[in-house]
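Asker: Here is my input, please return the structure:
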Amino acid sequence: MHRLASCPGVDPPEDVVLVEQPAADVLFLSSAATDLSTLAAYLASAGGEHWRNQIRGLSLDCLSHPAQLDHYLTSTANQAKLVLVRLLGGRGHWSYGLEQLQRWKDGGAGRHLVILAGTDDQNNELHGLGSISLALADRLAELLREGGVDNLGQVLRALELLLQEQQPDPTNLQLLPMPDPAPWDWRDDAGPRIGVVLYRAQLQAGDVSLAEALCLACRERGLCPRLLWVSSLRDPGVQAGVIDLLQSQQVELVVAGTSFASVKTAEAGLGSPLWEQINVPVLQMLSSSRSRESWRNSSRGLDPLDLSLQVVMPELDGRLTTRPCAFREQQMTAPEMGAAVPSQVPDLEGIDWLIDHSQRWIRLRQTKNSDRRVGMVLANYPVRDGRVANGVGLDTPASCVAMLHWLKQSGHNLGPGTLPSDGDALMQFLLQGRTNSPEGLHRPALDYLALDVYEQWWAGVPSDARAKIEQRWGQPCDACDLDRNHGFAIHGLRYGHVVVLIQPDRGYDPDQIADLHSPDLPPPHRYLAQYLWLNRIHQTHVMVHVGKHGSAEWLPGKGVGLSSSCGPHLALGALPHLYPFIVNDPGEGSQAKRRGHAVVLDHLTPPLGRAGLHGPLQRLEGLLDELVEARQLGAERSQSLERAVLVTLQELNWPGVPTKDDLKRDPSLINECLDSAETYLCELKEAQIRTGLHRFGQRPSERAELELLLALARPPAHGRPGLTQAMASQVGLALDPWGQEDGEPLDQKDQQLLEQLGCERRQRVGDGVAWLEDQAFGVVSALVSNGDGSDLVKPFRDWIQSPTEDDGTLAAITQDLWPRLIQCAPSEKRAFCDGISGGRIPAGPSGAPSRGRPDVLPTGRNFYSVDLRGLPTEAAWDLGRRSAEQLLELHLQEEGDCLRHLALSVWGTATMRNGGEDIAQLLALIGVRPVWDGPTRRLVDLEVIPLRLLGRPRVDVVLRISGLFRDAFPQLLMWVDQAMVMVAALDEPSDQNPLAALTQQEGPQGRIYGSAPGAYGAGLQALIDSGAWDSRADLGEAFLQWSQWRYGGSSEPSQDRTGLESALGRVQVVLHNQDNREHDLLDSDDYYQFHGGLSAAIEASSGKRPELWFGDHSRRERPRLHRLERELDKVMRSRLLNPRWIEGMQQHGYKGAFEMGASLDYLFAYDAATDRVPDWCYGALCDQWLNTPEIVEFLERRNPWVLRDMAERLLEASNRGLWQGAADQQIQLLKGLISSSEAQIERGGLTTCSSPEPSV
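Answerer: Residues are numbered from 1 along each chain as shown. The predicted structure is shown next:
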């Protein structure tokens, strides 16, 4: 295997410090700082005199880089006789070290290696790696877990026997226990009681300064601390003791300072019994393993191990991430063991915030409903009145109205008036007041925050944060968004003690080009002022950001483990924070949890259904059916039907239709065209689309709910076939409706069988799939609803009435999927009501339910994401490898040469959902395979695939990571960097390894790029929304400006614009993948920003247009790769022009119109960045949306701002030359719609509600 440290020519980074430690017989290397403190205390005692200068202690943090370990093994360890390693977190956290130590053991006579697990669930994984018996390893690990000087003495007694070549008897090693849990410093204090849980090892090491500081801070704030020392929260006996003690004390909240979770990862979805029984909020206190100075200077915040053990894993318990309250400082030395002794030093600023946050949660819990004050915040971007209340997949206005009604029903004070009856009523009143849009600034504000109140708060803001904000926005008194007479305006509505606010604008000023190119633009004063108003003036008890997602959690600052200077903390303060969030987006939800201390209340996806065929597509299918029949009968009219089909395809602007000249040169092209059209029709018909939006806490319509159930039942899961697979098997069909391509021809037996079953179209697999899908809806309806199965063929009627014992598919629907689905609405409502009252929200998994993840249901939980240590998973590698091979084959077929240079964008959210498929794909492309540990199947190594086995050149991949990926996956980032270094160091022919060739010619190459530290995004959104760009080169420049930070390994990122341009200048293909079909690439601005932005940047850097590919990974069994043009065409025909989707949006009024306008914006933006959208798309949307009276009337009544925006966007497309050939009639139509919509806006906007105005 090729290792980083053994790669020729690879030197350690400049910031790696090599350890120089005096030699000794025994080396004690540990992840736990308390082990070293205890060792120092033992050596200082009378009983430790014998061991002084015979044993050395060292933190594993000092050996985190391979170069550090290599140096240590050849210096200090070279003379050692025994090395003991105590590892927290499993083999994958230090795989290189474990492997090299095993080589050290084999490299000399009389050497002993002891590998011990920090937690008992890692015993089997680690203890067999050493040279001692498992029984002895288990006992030594138990002694060290119990902790304390006396137990360490027993461990050293055993080590001494090993040095004497004797075998210690584990039963002779006496364990000296102490109470577990152990109460500490309990006093008869007044005030609410708060549980504090810390590791007992700190007490045994004499490191109690953090505990003292926490208890003191609690008492100073009028709280009564109930501190418990524990060995581990995984132990059932410890859990029982914690429950008894904290329940008996009736604690209102718990602060946990322990790492890991109280449950195993595989069992987390079943709940957390410890915290469920205590049933109060649990705040996760963070303790950095670095010094405060190192943390202060870090853009990342927490190190990867801290992130994994103190954030990711505790989220399995539903714990709420806070901020660092202690740092590890080298405060004293222990010359007897040859190392400084780290100790936990409390951070008074962090502790003060933590106790403030705790106090606010307790205040929320103890406040009567009638007195509780709630602040609800609706996102607004882009800053237009037609795009208020953003929330992906959510009817945000209707959900907000439902929440208002729930609050009133539960006794909250919402004033004397009647609440809005629906979402449009809410939006009408909201938009009658002042908004973020320039045209709304003349309207009345809800309130103002006086300048003196803001300045008083401003004086306490950390100086570094003040300097950054003042540099861009000036002093508060000079703020451009300050009303000189009143202060900072607050935008929103008031209903008694509840306010509904529009989230302030982030402040990108189209007149300030520097803003548009600034990835770390600080928030303006009014942004901060509105959140300060919630805290100080409204005296909010709890804040609710309704729907994915707002901007507060994306403000500049550290990735995780934030400081008082970070944007999210400046804005949000210490308020309890609830966040309804779509369940299939763990990445961005995790950002809200980790940077915004939010409690996620996850919600169901929108209704999902088959697109089907509509209008001209149905007519095309009919013509193709006639043609097939005519050909089978040898009818003369087959030629006329061929011509009719060709004419129809041309009228539809169908991709790949041959011209008359093409057909003259090659008449066989007609058959290829017709085959392709049939295949594509099947794909369009079976495409999964959103058929509406979700209303939080409310069930979909009956049909929509059944279709969603079918979407859950369709994929295979847990070893059982998907529903349509089982149905195919039930009637004897050989086709696989989930794994086969729709365009494959049906075999003759299947055709005959389908004919007998009454299937009319039966030429291709897609025909059989369509018939099965129609029947499948009847099956789920008969199983769980009022369907009687009369529309089913007899084999399926018999099947559902008498299922076989070995068939779990139907049982899964009735006993698992359906109960999970129908529990979502009541669970969401319950979570909101519990959260508003300060209750604990149970944790649950996250992911795309229609991709074989029904376990994420029911929703209404505080979702968690994945264990970082397991990525990429073996399943991800399997899919990523197959997808990479497919791309390489397609490129070779189309270009006649092997692919050598590719750019790939990767997101944190997708990585959390799919286990690292994009990174696995990258590894396959560069010719490196992951190596997983045997017992745990976690990634522990990388291995270069030799060229003779690879059979093609390695691909030089430039990776553009999102800011979220950078924050969430530092370990994965290091693996990718290591893989790149390995490949770059290989001695291979230049045409087979372009990265190595470039490295030899020009030196080390940057291949991982992203946005500035602490910043997020790709830079195109503000430009597109403002129109402040002239050419595609401007968009490419913005992308380069936002993406020029080079990442790699564990070092801080550096600006490298030249390296990025050089790397992109060689790129032939830009690839982006999508891992589920619960949305599409015109549902979000992220696709055009990253995929399109890369294309524009490459064109700006090299003058060449790269090929743009799209990977459809929605089915693991069948990854699909095709051009971006094909995907855009598919989304246009299956969704944007589909009456089914349009009618679904019309059911959601203002927000439905919002969604339509957003999709048009994203189409336009993709075209602006790539020039890949054909003219017919604009014409079709103009004609079918804006020249259809029913749709225009809907838009004009429900969201005239969006109607105007659509017309203006289409005119902009024409004016910029993106839409060429627009008819004069179309242009005049658009101009007329702008005038009529503006008149409607002047008349008051929405015209559909009659609810009374909100109370004041």
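
Asker: what ranges of the stretch 301-450 of the chain fall below the confidence cut-off?
Answerer: The stretch 301-450 of the chain contains residues with pLDDT under 70 at 331-332.

Asker: Please, where are all the strands along it?
Answerer: Using DSSP state E, counting those that start in this stretch, the strands of the stretch 301-450 of the chain run over 320-334, 339-346, 374-380, 388-390, 447-449.

Asker: These into CSV, with extra columns for distance to residue 403 and mean neighbour count?
Answerer: Where you see a C-beta, it was placed from the backbone N, CA and C, and this is true even at glycine. Formatted as CSV, those follow (distance: least, Cβ to Cβ, whole Å; neighbours: other Cβ atoms under 10 Å):
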stretch, distance to residue 403, mean neighbour count
strand 320-334, 21, 20
strand 339-346, 39, 22
strand 374-380, 7, 24
strand 388-390, 12, 25
strand 447-449, 21, 21
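
Asker: out of the ones you listed, which comes closest to residue 665?
Answerer: Among these, the nearest to residue 665 by Cβ to Cβ is strand 388-390 (51.5 Å).

Asker: show me what contacts residue 930?
Answerer: Contact analysis of residue 930 by Cβ atoms under 8 Å, 6 or more residues apart in numbering lists 872, 874, 877, 920, 923, 939, 941, 942, 943.

Asker: if you set the cut-off to 10 Å instead, what comes out?
Answerer: Residues in contact with residue 930 (Cβ atoms under 10 Å, 6 or more residues apart in numbering) are 871-874, 876-877, 880, 916, 919-920, 923-924, 938-943, 975, 979.

Asker: can you tell me which of the residues you listed are in strands?
Answerer: Counted as lying in strands by DSSP state E, out of those, are 939, 940, 941, 942, 943.

Asker: Name the nearest residue to the third one, sequence neighbours excluded.
Answerer: Ranked by Cβ to Cβ, 6 or more residues apart in numbering and with sequence neighbours excluded, the top spatial neighbour of residue 941 is residue 931, at 3.8 Å.

Asker: The one you found against residue 942, yeah?
Answerer: Yes: if you go by Cβ atoms under 10 Å, residue 931 and residue 942 touch, sitting 6.5 Å apart.

Asker: Looking at these two, which one has more neighbours?
Answerer: residue 942 (21 against 12; other Cβ atoms under 10 Å).

Asker: what bridges to that one?
Answerer: Beta-bridge pairing for residue 942 (DSSP bridges): residue 930.

Asker: pLDDT score assigned to it?
Answerer: Residue 942 carries a pLDDT value of 94.

Asker: what's the closest of the ones in strands among the contacts of residue 930 to residue 97?
Answerer: Within those, proximity to residue 97 (Cβ to Cβ) peaks at residue 940, which comes in at 10.8 Å.

Asker: Just give the number of residues close to the nearest residue to that closest one once chain neighbours are set aside.
Answerer: Closest residue to residue 940 apart from its sequence neighbours, by Cβ to Cβ, 6+ apart: residue 95 at 3.6 Å. Using other Cβ under 10 Å, residue 95 is surrounded by 17 other residues.

Asker: okay but residue 95 is in contact with residue 934, surely?
Answerer: No: counting by Cβ under 10 Å, residue 95 stays clear of residue 934, with 11.8 Å between them.

Asker: Between those two, which contacts overlap?
Answerer: Overlap of the contact sets of residue 95 and residue 934 (by Cβ under 10 Å, 6+ apart) consists of residue 940.

Asker: Now do the domain split for this protein, please.
Answerer: Domain segmentation of the chain under automatic domain parsing yields 26-172, 182-360, 375-575, 613-686, 700-824, 869-1125, 1138-1256.

Asker: With distance to residue 692 as extra columns, can I get the ones you listed in CSV?
Answerer: Below are the domains of the chain laid out as CSV (distance: least, Cβ to Cβ, whole Å):
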stretch, distance to residue 692
domain 26-172, 43
domain 182-360, 28
domain 375-575, 8
domain 613-686, 17
domain 700-824, 6
domain 869-1125, 13
domain 1138-1256, 4
